[in-house]
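K.L.:
Give me coordinates for this.
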Amino acid sequence: MIEVSLKVNRSLEEEITTKLIMFGITSFEVLDDNLSDSLKLSEKNWDYIDKKEKTDFITFKVYLEDDEVQEFLKEIDLEGECEISKKSIEEKDYENDWKNYFHTIDVSKELKVVPLWEEHTDADVVINPGMAFGTGSHETTYMCLKEIDKYRPDGEIVDVGTGSGILAISAAKLSGAVVDAYEIDALAIKSANQNVKLNNVEEKVNVIHGDFRDYDVKIYDTVISNIYAETLCEMMPEFSKRIKSQGLIILSGIVNEKEDMVRDALQKNNFEIVSSNKQNGWSEITGRFNG
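P.N.:
This is a model prediction of the structure:
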């Protein structure tokens, strides 16, 4: 397996992410030296343990088979825009690399996200990310966790784009909610199922491999989705069909420049915006359905 690193100006983050997804890569690492500063947490909660000066650059890491690298670099077409490096690794090294970056995150007194390899209790949300997005370290996930802790949504919840399952599991453990967790990526499904078992919430969290729009309409008390702004806007009419009157919607994965677009989509589909949060170029929006 080949690890391909793409060091780019952070202004290109959304463009690179889009190109990776178009190439068919939905699981990748983003290393950001500025993250610990943006979280504004005490040092013991930092995901990145190395203290480094702030930088204008971020690094994407993708993992490919040897015969995929040439085609990938041709399709990604970033010559002159980024610094590219390659190295051969064993696949197991990728999973072990998480241990250098992912450490315990205290979201609140009642909500703590702990990696599998660190000491934890039954009350903690235990995550082994594997190949899936979602450790609580990224701003988008962290802001969703803060909202879940703030509102403690119960009843029935749908989590669209569950990744590692972190948001679904957190909701289930905090309030006893029953969660349908949808995910289209096969590697993420494997990770989510493992994390559900680790947290003993198999009876509360139903991990579903597929697009929630392809399933029969079911009405939920709360909708949670941490994906990209364009996709959130496309899905908004379907969200509105699947939520109770005065139901809660928690959305993240939104770059600040596209926050207004998501706000407009929410309002056009009878959602009232009740709060929003920002961290390091990313936005989260919470609303209620007035339909």
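K.L.:
Pretty sure Lys268 sits against Cys233.
P.N.:
No. Lys268 is beyond contact range of Cys233, at 9.4 Å (criterion: C-beta atoms under 8 Å). Bear in mind the C-beta positions are built from the backbone N, C-alpha and C, glycine included.
K.L.:
quick one: which of those two has more around it?
P.N.:
Cys233 (19 against 12; other C-beta atoms under 10 Å).
K.L.:
Which of the three states applies to that one?
P.N.:
helix (DSSP: H, G, I helix; E, B strand; the rest coil).
K.L.:
Just give the nearest non-adjacent residue to it, would you?
P.N.:
Ala265 (4.2 Å; C-beta to C-beta, 6 or more residues apart in numbering).
K.L.:
Do I have it right that the one you found meets Glu230?
P.N.:
No. Contact criterion C-beta under 8 Å: Ala265 and Glu230 do not qualify, at 9.9 Å.
K.L.:
So for the residue nearest to Asp77 when sequence neighbours are not counted, what's the pLDDT?
P.N.:
Spatial nearest neighbour of Asp77, excluding adjacent residues (C-beta to C-beta, 6+ apart): Lys19 at 7.9 Å. Note for Lys19: predicted pLDDT of 78.
K.L.:
Adjust the sequence numbering to begin at 39 for everything that follows.
P.N.:
Understood, numbering begins at 39; the last thing we discussed is Lys57.
K.L.:
how about Lys57, secondary structure?
P.N.:
Classification of Lys57 using three-state DSSP returns helix.
K.L.:
Is there a neighbour count for it? I'd like the number.
P.N.:
17.
K.L.:
Could you do Asp197 as well?
P.N.:
With other C-beta under 10 Å as criterion, Asp197 counts 34.
K.L.:
ok, residues contacting the helix or strand where it lies?
P.N.:
Assigned by DSSP states H and E, Asp197 belongs to strand 194-198. Strand 194-198 has contacts (C-beta atoms under 8 Å, 6 or more residues apart in numbering) with 203, 205-206, 209, 215-220, 250, 256-263, 265, 273, 280.
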